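*Asks:* Output the structure for:
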Amino acid sequence: MGSGTEAATGQSKSDDEESGSERVNRELIELLNELRVALPGVQVLFAFLLAVPFAQGFADTTDFQQDLFFGTLLSTAVASALLIAPSAYHRINFREADKEQMLKTSNGLALGGLFFLALSIIGAVALVSDFIYGSTTTVISAAIGAALFASLWFVLPIVRRDPESKPD
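*Replies:* Below is the predicted model:
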């Protein structure tokens with residue numbers, strides 16, 4: 001039998017041999033590790049957006065561009081809050097013996113955060129496109145971005161689900 005660390009990471013046991021508690025521990029560790037991938041992206045985008053109004057050319061933006069900028073900034077702030085929330089939730093409740101609920105709540109927060117991150121990236125691309133090229137390129141780039149994020153981040157994982165692999 002492997003060590004507790006091996007059981008918590010799912011490396012020494014097959015999924016059939018994993019207890020419910022071990023599964024929840026592994027899935028919570030996986031979720032927190034996945035957030036480490038998403039957070040730098042949202043942080044870099046947020047930092048970029050915070051600097052934009054202080055750039056020389058920002059005064060030349062149209063009302064549409066300013067509205068798009070502000071919407072993208074707000075969306076990025078929401079993405080940041082949602083993606084960081086599972087870590088705060090875990091820190092505050094890690095000894096409360098309710099890891100399964102923590103996992104379910106954190107999973108929902110992470111999915112919401114990814115949605116708003118995708119929206120933010122699409123908004124930033126649309127903003128830059130509109131500033132440089134105009135409305136036609138803006139619509140095309142936003143549509144391609146929306147299709148790309150929707151298909152890779154949401155549709156593909158749902159389509160690839162194994163209906164027989166649902167947890168107990």
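*Asks:* can we go C-alpha only for contacts and neighbour counts from here?
*Replies:* Fine.
*Asks:* Name the single longest helix found in the chain.
*Replies:* Under DSSP state H, the helix in the chain containing the largest number of residues is helix 99-132.
*Asks:* which secondary structure elements does that one contact?
*Replies:* Helices and strands touching helix 99-132, by 3 or more CA pairs under 8 Å, 6 or more residues apart in numbering; DSSP states H and E, are helix 20-51, helix 63-93, helix 135-149.
*Asks:* Quick one, which of those helices gets closest to G113.
*Replies:* Using CA to CA as the measure, helix 63-93 is the one of those that comes nearest G113, at 4.3 Å.
*Asks:* Just give me the residue right at the centre of this structure.
*Replies:* In the chain, the residue lying closest to the centroid (CA atoms, centre = their mean) is L114, at 2.5 Å.
*Asks:* my guess is it contacts I84, does it?
*Replies:* No. Here L114 does not reach I84: they are 11.3 Å apart, not a contact under CA atoms under 8 Å.
*Asks:* L35 against L82, yeah?
*Replies:* No. At 10.3 Å, L35 and L82 do not qualify as touching, with contact defined as CA under 8 Å.
*Asks:* tell me, what's touching these two both at once?
*Replies:* With contacts defined as CA atoms under 8 Å, 6 or more residues apart in numbering, the residues shared by L35 and L82 are A110.
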